[in-house]
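1. Got a predicted structure here, sequence first:
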Amino acid sequence: MRRASTHRIGCGGRGAEPTVKTTARAIATAHLKEAPLDLTLRDDAETWCATLDGVLLPTGTLRRSAGGALATLPGYAEGAWWVQDAAAALPARLFGDIAGREVIDLCAAPGGKTAQLATAGARVTAVDRSTRRLERLVANLERLDLPVEAVGADALTWRPPGPVEAVLLDAPCSTTGAIRRHPDVPHLKSPEDVARLSAVSTEFAASGNRYAQAGRHACLLQPARWSRKRGRRVSNRCFTPARRSSGARS
């Protein structure tokens, strides 16, 4: 019987690339470790880094060892920071200067990206269909003293009063990227769930794309693809708003 070949990944010299099995084992081992605590800071990063005994990542996120009650940490009561994974904090920053602009945050709860947008000066409408999760978002934003309009609705059917200048969507997913925080995921999710959620994400992305003004772009955490039904391209990138033409509204 012919022995199955082992596929290799990576770009090192011959024999240096880890096998898929080795890589999978390394990922599984990493999942056994407790995830660190990532925080997004409102300002004064160096001071809070020292106060919270953390490390400032190149992206601006403060990372500290897990453990301890959040409410007892310095800066919690005064809203100096909020919990947000480093990777989750990247998309909102890609919009650039959005001060004064109308932004819709779809599937917004628990509100980390909403807080980023509001802190940057955007006029944010946060949409989520889960009442419980939306209440958590509102409580988080109240602690941070950030203004936001919270809407309890299904993003697939909800429509804003008119087009807006930016849309951010973190569509429902399999959560396989956060197994350290949710160790039950490998036991509860199936390949069928991944396929189903991929289809749902495409629908969310199409809805979000319709909200943006012509000449603007949406930030969608979703692979770029063409929607056969609508014949429109849905982008997986995040752009600063296009330059206004003389007829565009301010």
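-> It's in. Numbering: from 1, shown residues only.
2. just how off-centre is the helix ranked longest in the chain within its chain?
-> Longest helix of the chain, by residue count under DSSP state H: helix 191-211. A distance of 15 Å separates the centroid of the chain from that of helix 191-211, by C-alpha atoms, centre = their mean, to the nearest Å.
3. Stretch 85-93 now?
-> Distance, centroid of stretch 85-93 to centroid of chain: 6 Å (C-alpha atoms, centre = their mean).
4. Ok, stretch 176-186 next?
-> 16 Å.
5. Any idea which helix or strand in this structure has the lowest mean pLDDT?
-> In the chain, no helix or strand scores lower on mean pLDDT, DSSP states H and E than strand 225-227, which sits at a mean of 37.
6. do you know how far the spatially closest residue to residue 121 that is not a sequence neighbour is from residue 41?
-> Distances taken as C-beta to C-beta, 6 or more residues apart in numbering put residue 99 closest to residue 121, at 3.2 Å, once the chain neighbours are dropped. Where C-beta positions appear, they are placed from N, C-alpha and C, glycine not excepted. The gap separating residue 99 from residue 41 is 18 Å, by C-beta to C-beta, to the nearest Å.
7. Who has more neighbours out of the two?
-> residue 41 (21 against 9; other C-beta atoms under 10 Å).
8. and the more buried one, how far is that from residue 128?
-> 24 Å.
9. Run through the residues that contact the residue nearest to the spatial centre of the chain.
-> Closest to where the C-alpha atoms of the chain average out (C-alpha atoms, centre = their mean) is residue 88, at 3.9 Å. If a contact means C-beta atoms under 8 Å, 6 or more residues apart in numbering, then residue 88 has 112, 113, 170 as its contacts.
10. Please confirm that it is located within a strand.
-> No. Assignment of residue 88 by DSSP: H, G, I helix; E, B strand; the rest coil gives helix, placing it outside any strand.
11. per-residue confidence for it?
-> Residue 88 is assigned a predicted lDDT (pLDDT) of 92.
12. Same check on the one 10 residues further on?
-> Per-residue pLDDT puts residue 98 at 93.
13. and it, how far is that from residue 210?
-> Where residue 210 is concerned, residue 98 sits at a distance of 20 Å (C-beta to C-beta).
14. what does residue 77 give?
-> For residue 77, the distance to residue 210 - C-beta to C-beta - is 40 Å.
15. Ok, residue 41 next?
-> Taken as C-beta to C-beta, the span from residue 41 to residue 210 is 34 Å.
16. shouldn't residue 109 be in contact with residue 139?
-> No. Contact criterion C-beta atoms under 8 Å: residue 109 and residue 139 do not qualify, at 10.5 Å.
17. So for the two, which residue has more residues nearby?
-> The neighbour comparison of residue 109 against residue 139 (other C-beta under 10 Å) goes to residue 109, with 24 against 12.
18. how about the more buried one, what does it touch?
-> By C-beta under 8 Å, 6+ apart, the neighbours of residue 109 are 126, 128, 130, 133, 134, 136, 137.
19. need the contact list for the residue nearest to residue 151 when sequence neighbours are not counted.
-> Among residues not flanking residue 151 along the chain, residue 127 sits closest, at 4.8 Å (C-beta to C-beta, 6+ apart). Contacts for residue 127 (C-beta under 8 Å, 6+ apart) come out as 104, 105, 106, 107, 108, 151, 153, 155, 158.
20. Buried subset of those residues as a ChimeraX selection?
-> Here is the ChimeraX selection string for the buried members of the contacts of residue 127, based on 16 or more other C-beta atoms under 10 Å:
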select :104,105,106,107,108,151,155,158
